[in-house]
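In: Got a sequence here, can you model it:
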Amino acid sequence: MAKVLVTDEVSEKALDLIKSEGIEVDVLLKKNEEELTLLAPNYDAFVIRSGVKITKKVLEAGAKGKLKIIGRAGVGVDNVDKETARELGIVVENTPFGNTNAAAEQTLALMMLCARPTYLACKSMKEGKWDRKSFEGTELKAKTLGLIGFGNVGKKVAKVAQSMEMNVIVYDPFLPEEKFKELGVKKAELEEIYTTSDYITVHVPLTQTTRNMISEEQFKKMKDGVRILNVARGGVINEEALLKALNSKKVAAAGLDVYNEEPPLNKELIMHEKVTCTPHLGASTIEAQENVGIEVAEQIVLALKKGEIKNCVNGLTKLKE
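Out: Numbers count the residues shown, from 1 in each chain. Got it, this is the predicted structure:
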């Protein structure tokens, strides 16, 4: 009988789906590298979220045993050593659709809070004040929204932004030319995103290319009073450079859901009055939690029962024998 180790919380429906196919499931949460290294050889598959790191050591141990596939309930897989997994023949899959709506809504919520200081006004009222003068905001209508990355989340953000009469420009070197026209957005290079956008939101994975892709040099190019959003991955925006840009008022506001380290170590950034921050809630809706759980469960079953690979992110096309 095939065995699956679940290392982070997923919905009961997801667990039941795997079990219903005659696959044994163990739920062992919050295991460290040493514990995972000992466990890995005994399982055909891991189901993970962002709470564990699947390191080279864990993968090498798993490869000596049964481990064939790692299913990520969510999109980002920067907590998995994908290259080592590929070399060892271990498939790494993600679930790119279940979180889409939740992450897009979180981005839009933070964008609105960057435009209107609603949180500060609410805090003021709870302190017993009635201050209508200190919390003037700005409208989103007619502002330019620059998206870096145009996957599922970016597309949904753009659609809603267009409905609010924002001008949407997009940088995505992997998207075919005709898709920009089909989706009704303007294709832009990074230079145009940086120099003309009133709001900039990133929707890219964390890779060697995207790490610190927005840093001091990029902030210098931006319009004074730009607003920055990140509900994608910590590390894409350099936090020290962002703090400097906030202090100089180059950046008027930032909406952050992800950080270099989680929990974040840069307390000065988190405490900045122009930063609206949330603790990695992009996928934290009832619906998204269920969606990604079911999606990853279906993919694990498909792989273990039929040998079919779906949404692989490390270049493999079949399970190892």
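In: Does V168 touch A188 like I think?
Out: No. The pair V168 / A188 is not scored as a contact, 9.6 Å apart, by Cβ atoms under 8 Å. Backbone N, C-alpha and C define where each C-beta goes, glycine included.
In: Give me the below-cutoff pLDDT ranges for the protein.
Out: For the chain, no stretch has pLDDT under 70.
In: mind checking which helix or strand the residue nearest the centre of it is in?
Out: Residue closest to the mean C-alpha point of the chain, counted by Cα atoms, centre = their mean, is A232 at 3.5 Å. A232 belongs to no helix or strand when assigned by DSSP states H and E.
In: Tell me the spacing between it and E87.
Out: Separation of A232 from E87 (Cβ to Cβ, to the nearest Å) stands at 27 Å.
In: Likewise for T144?
Out: Where E87 is concerned, T144 sits at a distance of 44 Å (Cβ to Cβ).
In: Of those two, which one has the most company?
Out: T144 (20 against 14; other Cβ atoms under 10 Å).
In: quick one: the more buried one from A103, how far?
Out: T144 is 22 Å from A103, by Cβ to Cβ.
In: Also V301?
Out: 25 Å.
In: Break down the stretch 1-150 of the chain into its helices, ranges please.
Out: Ranges of helices in the stretch 1-150 of the chain, per DSSP state H, counting those that start in this stretch, are 12-20, 33-39, 56-63, 82-87, 100-115, 118-126.
In: quick one: which of those is nearest L269?
Out: Between L269 and those, the tightest spacing by Cβ to Cβ is seen for helix 100-115, at 14.7 Å.
In: and the closest one, what does it pack onto?
Out: When contacts are defined as 3 or more Cβ pairs under 8 Å, 6 or more residues apart in numbering; DSSP states H and E, helix 100-115 packs onto helix 152-163, strand 199-202, strand 226-230, strand 251-256, strand 275-277, helix 286-306.
In: Out of the ones you listed, which gets nearest to L15?
Out: Closest among these, using Cβ to Cβ: helix 286-306, at 7.4 Å.
In: between that closest one and helix 100-115, how big is the angle?
Out: Between helix 286-306 and helix 100-115, the angle comes out at 150 degrees (axes from the mean of the first three to the mean of the last three Cα atoms, to 10 degrees).
In: The helices of the stretch 1-150 of the chain: which one's closest to T138?
Out: Nearest to T138, of the helices of the stretch 1-150 of the chain and by Cβ to Cβ, is helix 100-115 at 5.4 Å.
In: List the buried residues for the closest one?
Out: Within helix 100-115, the residues that count as buried by 16 or more other Cβ atoms under 10 Å are 100-111, 113-115.
In: what do you get for stretch 76-84?
Out: For stretch 76-84, by 16+ other Cβ under 10 Å, it's G76, V77, D78, N79, V80, D81, K82, T84.
In: export it as CSV, just CAs?
Out: Extracted in CSV, the C-alpha atoms of stretch 76-84 (Å, rounded to 0.1, in the frame of the first residue of the first chain):
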residue,chain,number,x,y,z
GLY,A,76,5.3,28.8,-4.2
VAL,A,77,7.9,26.0,-4.0
ASP,A,78,10.9,28.0,-2.8
ASN,A,79,10.9,25.8,0.4
VAL,A,80,11.8,22.7,-1.7
ASP,A,81,15.2,22.0,-3.2
LYS,A,82,13.7,21.5,-6.7
GLU,A,83,17.1,20.9,-8.4
THR,A,84,18.1,18.1,-6.1
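In: Centre of the chain to it, how far?
Out: 14 Å (Cα atoms, centre = their mean, to the nearest Å).
In: same question, stretch 117-132
Out: 31 Å.
In: Quick one: residues contacting K156.
Out: Applying Cβ atoms under 8 Å, 6 or more residues apart in numbering, we find K156 in contact with T100, N101, A104.
In: How about the contacts made by the nearest residue to the first one once chain neighbours are set aside?
Out: For T100, ignoring the flanking residues on the chain, the nearest one in space by Cβ to Cβ, 6 or more residues apart in numbering is N152 at 4.3 Å. Applying Cβ under 8 Å, 6+ apart to N152 gives the contacts P96, F97, T100.
In: Appreciated, that's everything.
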